[in-house]
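>>> quick one, what's the 3D model for this:
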Amino acid sequence: MGSKMSYATDAVPDDGPAPRESGTQALDRALSVLLAFRGTEAERKVSDVSRELGLHKSTASRLFRALADAGFLQRNEENGNYRLGVTVFELGARYLAGLDLHTLARPLVHRLAEEEGESVNLSVREGLDAISIHVVQGTRNLQLVSRLGRRIPLWCSAAGKALLIDSDDAALRVMLATAPFTALTGNTITDLDTFVARMATVRQQGWALNDQESEEGLRVVAAPVRDRHGRVTGAISISGPIFRLGEARVAELAAAARRTAHELSRQLGYGLGDVWGD
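Take a look at the predicted model:
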């Protein structure tokens, strides 16, 4: 945890004994102090946090010292301010090491299916296919549900396009140079040039559409899921019959898929890559 630090000088003078508090109250306040470090400031003053949280000065000082003793905070001996300590890093690293896409996604895709009433898939890329690793049936009548483990070519799958969203035109041409572009329906993209042009739209809008490209009568929207390094690691898709998924509904579902994908990405540590490194 590192060496113990001196607390001979506190940043906030004690103005009398603080009221006694229960164990639960003390825990709540300690957590509030830690959460006060979620902003962009590398260091915080005890006085600022005390005022921000409405804490008695001596209570705030005691909490800072206890958190520092446990390694959650570290005191700057030059100015008396505090920063996050090594224990926070250790816990964060342990959390990131235990992340699992499927486990974290399960409650989110179930909630999405219940809220929107349509079927929801979690897919990953394997070769030139998008493969469903979790499928949740919606609550509305007439559900067109993908089976678990089903493979759909990347070029005619909403999930597949979402999984390729970070690939530029050159990368797509190399990756799909030998792809057969077999037509599954009359709407399937059957040549590389058309697909590359379509992917420019996908990148611009941040989500992908499968408009009866893999199955007649089916529309699907999908959004990419990113890991803590920003890499696309999966895709969340919502599917339904075309009579229910008109233009306005497609836009609504695309927004819902993006929100859920963003939430899952956040849980996977997306946005923390600069903090935690490789």
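
>>> could I get the full set of strands for the chain?
Remark: strands assigned in the chain by DSSP state E are 73-75, 82-84, 119-126, 129-136, 151-153, 208-211, 218-226, 232-241.

>>> any weak-confidence spans in the stretch 1-150 of the chain?
Residues of the stretch 1-150 of the chain meeting the criterion pLDDT under 70: 1-23, 93-99, 142-147.

>>> ok so, going back, what's the closest of the strands of the chain to residue 171?
strand 232-241 (12.4 Å; CB to CB). The way it works is simple: take the backbone N, C-alpha and C, and place the C-beta from them, glycine included.

>>> now do the closest one against strand 218-226, angle only.
Per axes from the mean of the first three to the mean of the last three CA atoms, to 10 degrees, the angle that strand 232-241 makes with strand 218-226 is 160 degrees.

>>> what are the pairing partners of strand 232-241, and which direction each?
Applying DSSP bridges to the sheet, strand 232-241 is found paired with strand 119-126 (antiparallel), strand 218-226 (antiparallel).

>>> the stretch 151-278 of the chain: helices as residue ranges?
Counting by DSSP state H, counting those that start in this stretch, the stretch 151-278 of the chain has helices at residues 158-163, 169-175, 192-205, 247-267, 273-276.

>>> now the ones you listed as JSON lines including mean neighbour count, mean pLDDT and distance to residue 106?
As requested, the helices of the stretch 151-278 of the chain are exported to JSON lines (neighbours: other CB atoms under 10 Å; pLDDT from 0 to 100; distance: least, CB to CB, whole Å):
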{"stretch": "helix 158-163", "mean neighbour count": "29", "mean pLDDT": "98", "distance to residue 106": "17"}
{"stretch": "helix 169-175", "mean neighbour count": "13", "mean pLDDT": "96", "distance to residue 106": "30"}
{"stretch": "helix 192-205", "mean neighbour count": "14", "mean pLDDT": "96", "distance to residue 106": "26"}
{"stretch": "helix 247-267", "mean neighbour count": "18", "mean pLDDT": "96", "distance to residue 106": "10"}
{"stretch": "helix 273-276", "mean neighbour count": "12", "mean pLDDT": "49", "distance to residue 106": "24"}
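
>>> can you tell me which of those helices comes nearest to residue 86?
The nearest among the helices of the stretch 151-278 of the chain, by CB to CB, is helix 273-276 at 13.5 Å.

>>> what residues are up against the spatially closest residue to residue 131 that is not a sequence neighbour?
Nearest residue to residue 131, sequence neighbours excluded (CB to CB, 6 or more residues apart in numbering): residue 151, at 5.1 Å. Going by CB atoms under 8 Å, 6 or more residues apart in numbering, residue 151 touches 126, 129, 130, 131.

>>> of these - the most surrounded one?
Within the contacts of residue 151, neighbour counts (other CB atoms under 10 Å) peak at residue 130, which reaches 33 neighbours.

>>> tell me the contacts of that residue?
Residues near residue 130 by CB under 8 Å, 6+ apart: 123, 124, 151, 152, 153, 154, 157, 159, 160, 163, 235.
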